[in-house]
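Enquirer: From the sequence below, what's the structure:
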Amino acid sequence: MYLATERGLSDNYQLSVRQSLESFARWYGNRVGDEVGRVVVDEMTAYLMERRGKGLANATVRLEAMALKIFFRWLAARGMVAGDAGALLMAPRLDAALPGTLSREEVGHLLAGIELKGPLDFRDLAVLELLYASGLRISELAGATLDALSLEEGMIRVTGKGNKVRLVPVGGVAVQALRDWLEKGRPQLVGRRTGNHVFISVRGTRMTTQRYWQIVKERAAAVGMDVHPHLLRHSFATHLLSGGADLRVIQEMLGHASVVTTQIYTHVDQERLREVHRRFHPRA
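Expert: The predicted structure follows:
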């Protein structure tokens, strides 16, 4: 309840925190008992080191560390333990891996591969166009409703991380793909259980985030490509930046809480420039 109401964290993140705490509780209980008030930072550190030693990625171990810090801060704030045992817990640094991107030509190849023969073709093209045009997360796309979509203004209202609502522009090509879906595709799939979500399944029901992943992967595979939804989000941001868009504007459209997160795309663009220089400069 605390994570949902006071922290505004998503259902998936709440589940992740719960699983992390249950894992630590099993480990701690097997070693020294189950009195939470006796936990010290050295024991949490030992647990995280053991998890890292089993091959878990830094990002996963970091999430578990944050779950422990949240939990023990909550206990201390309510006087359930004498002090905040997690205050000095150090979370491992994230690997600064650069996100992959598609070229403009590759995006065009992917989108051109969908032949509009039936309602699912109209739907899938609109899904891919919107992902690339607006840089949405899959969870945001899955939650998008008809009342949040304004084709006249070329905008969509989405709810992102921490239940933060933002308005994101939708480009002209994506707007047309959405019009075609809403006029020629969606009406053919509407059924008794159909709600007001923009995209619906072949049974007329809301689609899961996993189904969106499948759609992107399947449509990409059909044209000989390996693409996942986040790759379209990365490409959206990188192409905006290389076209001259301001980093703060891109941050707002992506829904990043801090511009520091968005700055990774400046590195991606620099890599692209270096590659062009290496390929074409006579003394590179």
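Enquirer: Helices of the stretch 151-284 of the chain, start to end?
Expert: Remark: helices assigned in the stretch 151-284 of the chain by DSSP state H, counting those that start in this stretch are 172-180, 186-189, 209-222, 229-242, 247-254, 259-262, 264-280.
Enquirer: any idea which of those is most buried?
Expert: Sort the helices of the stretch 151-284 of the chain by mean neighbour count, taking mean count of other C-beta atoms under 10 Å, and helix 229-242 sits at the top with a mean of 21. (C-beta placed from N, C-alpha, C; glycine too.)
Enquirer: Show me what it is in contact with.
Expert: Applying C-beta atoms under 8 Å, 6 or more residues apart in numbering, the contact partners of helix 229-242 are 99-102, 104, 107, 128, 131-138, 141, 212-213, 216, 247, 249-250, 253-254, 262, 265-266, 268-269, 272.
Enquirer: buried stuff in the helix or strand hosting Leu48?
Expert: Assigned by DSSP states H and E, Leu48 belongs to helix 41-53. The neighbour-count check on helix 41-53 (16 or more other C-beta atoms under 10 Å) flags Val41, Glu43, Met44, Tyr47, Leu48, Arg51 as buried.
Enquirer: among those, which two are most distant?
Expert: Pairwise distances across the buried residues of helix 41-53 peak at 15.5 Å for Val41 and Arg51 (criterion: C-beta to C-beta).
Enquirer: In CSV, list the C-alpha atoms belonging to the longest helix belonging to the chain.
Expert: Scanning the chain for the helix with the most residues, using DSSP state H, yields helix 11-32. The C-alpha trace of helix 11-32 is given here as CSV (Å, rounded to 0.1, in the frame of the first residue of the first chain):
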residue,chain,number,x,y,z
ASP,A,11,2.4,-2.6,-10.1
ASN,A,12,5.4,-4.2,-11.7
TYR,A,13,7.8,-2.3,-9.5
GLN,A,14,5.8,-3.2,-6.4
LEU,A,15,6.0,-6.9,-7.4
SER,A,16,9.7,-6.5,-8.0
VAL,A,17,10.2,-5.0,-4.5
ARG,A,18,8.2,-7.8,-2.9
GLN,A,19,10.1,-10.5,-4.6
SER,A,20,13.4,-8.9,-3.6
LEU,A,21,12.4,-8.7,0.0
GLU,A,22,11.1,-12.2,0.1
SER,A,23,14.4,-13.5,-1.4
PHE,A,24,16.4,-11.6,1.3
ALA,A,25,14.1,-12.8,4.0
ARG,A,26,14.7,-16.5,3.0
TRP,A,27,18.5,-15.9,2.9
TYR,A,28,18.5,-14.1,6.2
GLY,A,29,16.2,-16.5,8.0
ASN,A,30,18.4,-19.5,6.9
ARG,A,31,21.5,-17.8,8.4
VAL,A,32,20.6,-16.0,11.6
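Enquirer: Show the contacting residues for the nearest residue to Thr194 once chain neighbours are set aside.
Expert: Closest residue to Thr194 apart from its sequence neighbours, by C-beta to C-beta, 6 or more residues apart in numbering: Gly204 at 4.3 Å. By C-beta under 8 Å, 6+ apart, the contact list for Gly204 reads Leu189, Val190, Gly191, Arg192, Arg193, Thr194.
Enquirer: Looks like the first one contacts Phe122 (just checking).
Expert: So the one you mean is Leu189. No - applying C-beta atoms under 8 Å, one finds Leu189 not in contact with Phe122, separated by 9.9 Å.
Enquirer: For the residue nearest to Thr194, give me the backbone phi and psi.
Expert: Main-chain torsions, Gly204, degrees, to the nearest 10: phi 80, psi 10.
Enquirer: how near is it to Leu189?
Expert: Remark: distance between Gly204 and Leu189 (C-beta to C-beta, to the nearest Å) = 5 Å.
Enquirer: got it, and Val170?
Expert: Distance from Val170 to Leu189, by C-beta to C-beta: 21 Å.
Enquirer: now Gly135
Expert: Separation of Gly135 from Leu189 (C-beta to C-beta) stands at 26 Å.
Enquirer: do the same with Pro229
Expert: 21 Å.
Enquirer: rewinding a little: nearest to Arg26, of the buried residues of helix 41-53?
Expert: Tyr47 (10.2 Å).
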